[in-house]
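1. A structural model of the following input is requested.
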Amino acid sequence: KAGILLGLALYAAGALLFIPAACTMQFMWFPASLYVLTFGLAFLETTANPYILSMGDEQTATQRLNLAQAFNPVGSLLGMCVASQLVL
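-> Numbers count the residues shown, from 1 in each chain. This next block holds a predicted model:
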């Protein structure tokens, strides 16, 4: 639980760091916010794996994990498409 909460906090902090980046228009804020955001995302992906593995039968655990990891890029692409329509 602590890893998931830390990942969510880092992800939210990284997203909120885009506000000062947009207000100050300084480049250093953009990579910093992206770094914190992706660090939180890495925490979330890593800590979610044991939960996925423990959700069902042990024999199908690797299949569930592969399925969950297969949808990760789909969510990333859909998120960028939706965000680009809302922001732009």
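2. residue contacts, the closest residue to residue 17 other than its chain neighbours?
-> Leaving aside its sequence neighbours, residue 17 sits nearest to residue 33 (Cβ to Cβ, 6 or more residues apart in numbering; 3.4 Å). All C-beta spots, glycine's among them, are computed from the backbone N, C-alpha and C. With contact taken as Cβ atoms under 8 Å, 6 or more residues apart in numbering, residue 33 is in contact with 14-15, 17-18, 21.
3. ChimeraX command for the buried members of those residues?
-> The buried residues among the contacts of residue 33 can be selected in ChimeraX (16 or more other Cβ atoms under 10 Å) with this line:
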select :14,17,21
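4. filter the contacts of residue 33 down to the ones in strands?
-> The members of the contacts of residue 33 all map outside strands under DSSP state E.
5. in TSV: the contacts of residue 33, plus distance to residue 58 and pLDDT.
-> Formatted as TSV, these follow (distance: Cβ to Cβ, whole Å; pLDDT from 0 to 100):
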residue	distance to residue 58	pLDDT
14	35	89
15	36	88
17	41	90
18	42	88
21	45	87
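6. so which strand or helix has residue 85?
-> helix 61-87 (DSSP states H and E).
7. what about the residue nearest to residue 17, helix or strand, and which?
-> helix 29-54.
8. how far off helix 61-87 does that helix point, in degrees?
-> Inter-element angle recorded for helix 29-54 and helix 61-87: 150 degrees (by axes from the mean of the first three to the mean of the last three Cα atoms, to 10 degrees).
9. picking up where we left off before, so how far is residue 72 from the residue nearest to residue 17?
-> 21 Å (Cβ to Cβ, to the nearest Å).
10. residue with max distance from the center of the chain?
-> residue 59 (27.8 Å; Cα atoms, centre = their mean).
11. before I go, just wanted to say thanks for your time.
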